[in-house]
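1. this one's sequence-less:
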């Protein structure tokens with residue numbers, strides 16, 4: 001990177017990435033604290049609203065474009081894939097917790 005833009009660019013990227021990373025960690029912690037107080041129904045409603053918002057924004061941004069169908073298909077596929085991965089993670093996490101509880105009680 002120092003050959004392309006110089007050391008100042010590398011330092012600037014490091015500083016911007018560090019500030020962004022710290023901001024992300026802080027925001028994630030704040031959302032965790034607020035999210036723990038919500039009931040399961042509110043969490044499901046928020047997740048559903050976020051998914052609907054992503055799909056509506058994608059449809060609006062793709063309106064009138066020649067590749068709108070492909071972009072919309074990729075967005076829907078990405079959302080479905082993310083939901084599948086999240087559900088597999090939850091199932092696998094519960095399986096590992098059950099196995100760990102069984103092996104540690106011996």
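-> Perfect, I can see it now. Here the structure is a predicted model, which means the values were calculated and not measured.

2. Point me to the helix or strand that includes the residue nearest to the spatial centre of the chain.
-> Geometric centre of the chain, nearest residue: residue 82, 8.4 Å, by C-alpha atoms, centre = their mean. Element membership for residue 82, per DSSP states H and E: helix 68-104.

3. and that helix, what other elements does it pack with?
-> Here helix 68-104 touches helix 40-62, going by 3 or more C-beta pairs under 8 Å, 6 or more residues apart in numbering; DSSP states H and E. Backbone N, C-alpha and C define where each C-beta goes, glycine included.

4. Report the buried residues of the helix it packs on.
-> For helix 40-62, a neighbour-count test (16 or more other C-beta atoms under 10 Å) marks 58, 62 as buried.

5. Need the pLDDT of residue 65.
-> If you check residue 65, the pLDDT there is 89.

6. hang on, isn't it packed against residue 71?
-> Yes - with contact defined as C-beta atoms under 8 Å, residue 65 reaches residue 71; the gap is 7.1 Å.
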